[in-house]
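Asks: Structure for this input, please:
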Amino acid sequence: MLAGVASWLVSSGWHVVLPSRRYCPIPIDEIEPVIEEPGRAIWVEARWERSQRLAHDAAKALDGEADLLVSWVHDTYRVPVLNAISGLLRPDAPIVEVHGSAVNDQVANLPEPALAGHPTQRVLLGYVREGALTRWLTHAEIVEGVLTAVRRALDDRPLTQHQVGELRPWPPPL
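Replies: Numbering: from 1, shown residues only. Presented below is the predicted three-dimensional model:
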């Protein structure tokens, strides 16, 4: 879901580690570099319930501390996974946490940042209303919303909550 974000980071010269359940390579030859030397992307198999194994595999792929974390992990595994990989981050590395629209009243139920010691941008994904109909956000809309948060994180901006699309109404309409 965040391949477009990874592509942008690679095109900007970042070395990107992509923990994911499924292998989905980022074709470097199709990326138009923002700078002369594009970075690279390495996939790491992620089984969210095996957070220590994920941290071990990500550490091998990183070969050093991470300067940025973009995370979209299901709520059930979010805290254990982020705690497991916290030691891989530079002490002041910014974090972008993406939260889906699976809950009602996303603002009231939005969890606190998982790694409080890191500057965090939070992205809340909603939906798009088109007349009387609604639809999920497209991949492009999600990527653009997350990239806005990534750019703010890289600019060392304070904690911000980014809303992409409309949030679910709460209480629900009668």
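Asks: What is the least confident helix or strand in the chain?
Replies: Ranked by mean pLDDT, DSSP states H and E, the helix or strand of the chain with the weakest confidence is helix 106-109, at a mean of 66.
Asks: Now whichever helix or strand comes after that helix: average pLDDT?
Replies: Proceeding N to C from helix 106-109, the next assigned helix or strand is strand 120-125, under DSSP states H and E. Averaging pLDDT along strand 120-125 gives 93.
Asks: what comes into contact with strand 120-125?
Replies: The contact list for strand 120-125 (CB atoms under 8 Å, 6 or more residues apart in numbering) reads 94-101, 106-107, 110, 113, 137, 142, 145-146, 149-150, 152-153, 157, 159-165, 167. C-betas here are computed from N, CA, C, even on glycine.
Asks: likewise stretch 153-173?
Replies: 68, 94-96, 101, 103-108, 110, 113, 119-129, 134, 137, 141-142, 144-146, 148-149, 152.
Asks: Quick one, which of these are buried?
Replies: 68, 94-96, 101, 106, 113, 119-126, 137, 142, 145-146, 148-149, 152 (16 or more other CB atoms under 10 Å).
Asks: For the closest residue to Gly87 other than its chain neighbours, identify the helix or strand it belongs to.
Replies: Distances taken as CB to CB, 6 or more residues apart in numbering place Ala55 nearest to Gly87, at 7.2 Å, with adjacent residues excluded. Secondary-structure element containing Ala55, defined by DSSP H and E: helix 51-62.
Asks: next helix or strand past that helix?
Replies: In N-to-C order, the element after helix 51-62 by DSSP H and E is strand 69-71.
Asks: Pairing partners for that following strand, with directions?
Replies: Here strand 69-71 has these sheet partners by DSSP bridges: strand 95-99 (parallel).
Asks: count of neighbours near Pro111?
Replies: For Pro111, the neighbour count with other CB atoms under 10 Å is 11.
Asks: What ranges does this protein have for its strands?
Replies: Assigned by DSSP state E, the chain shows strands spanning 15-20, 40-45, 69-71, 95-99, 120-125, 127-130, 133-136, 160-164.
Asks: Turn the ones you listed into a markdown table, columns for distance to Val81.
Replies: As requested, the strands of the chain are arranged in a markdown table below (distance: least, CB to CB, whole Å):
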| stretch | distance to Val81 |
| --- | --- |
| strand 15-20 | 8 |
| strand 40-45 | 12 |
| strand 69-71 | 8 |
| strand 95-99 | 11 |
| strand 120-125 | 15 |
| strand 127-130 | 26 |
| strand 133-136 | 24 |
| strand 160-164 | 21 |
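Asks: Any idea which of the ones you listed gets closest to Asp63?
Replies: strand 15-20 (8.4 Å; CB to CB).
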